[in-house]
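Asks: pasting the sequence and the predicted model now:
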Amino acid sequence: MNLHIGLAPLISLLAGILILAMPRMLNYIVAVYLIVIGLIGLLGGGRLHLT
């Protein structure tokens, strides 16, 4: 059984949960999210393959 999980949706989900849990940290969470998504896009590591 092969399971293909996109890395970007997992990071988005984590960022959303953190924003709900700690709304005062919104600026930092969004900044880190944008940096990580940008690095994933540049490096081409958009898919995590689990077998």
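Replies: It's in. All figures in this text were calculated on a predicted structure; none of them were measured in a lab.

Asks: do a quick rundown of the helices in the chain.
Replies: Counting by DSSP state H, the chain has these helices, from start to end: 7-21, 26-43.

Asks: which other residues reach the longest one?
Replies: Going back to what we said before, that points to helix 26-43. Applying Cβ atoms under 8 Å, 6 or more residues apart in numbering, the external contacts of helix 26-43 come out as 7-8, 11-12, 15, 18-19, 22, 46. In this view, the C-beta of every residue, glycine as well, is placed from N, C-alpha and C.

Asks: for the residue nearest in space to the middle of the chain, what are its contacts?
Replies: To find the centre residue of the chain, average its C-alpha atoms and take the closest one (Cα atoms, centre = their mean): that gives residue 11, at 1.7 Å. For residue 11, the contact set (Cβ under 8 Å, 6+ apart) comprises 33, 36-37, 40.

Asks: one more: residue 21?
Replies: Here residue 21 is in contact with no residue (Cβ under 8 Å, 6+ apart).

Asks: tell me the spacing between it and residue 36.
Replies: With distances taken as Cβ to Cβ, to the nearest Å, residue 21 is found 18 Å from residue 36.

Asks: again with residue 10
Replies: According to Cβ to Cβ, residue 10 and residue 36 sit 11 Å apart.

Asks: next: residue 29.
Replies: With distances defined as Cβ to Cβ, the gap from residue 29 to residue 36 amounts to 11 Å.

Asks: more neighbours: the two, which one.
Replies: Taking other Cβ atoms under 10 Å, residue 29 and residue 36 do not tie; residue 29 has more neighbours (19 against 16).

Asks: look up the closest residue to the more buried one, ignoring the ones flanking it.
Replies: Closest residue to residue 29 apart from its sequence neighbours, by Cβ to Cβ, 6 or more residues apart in numbering: residue 18 at 5.0 Å.
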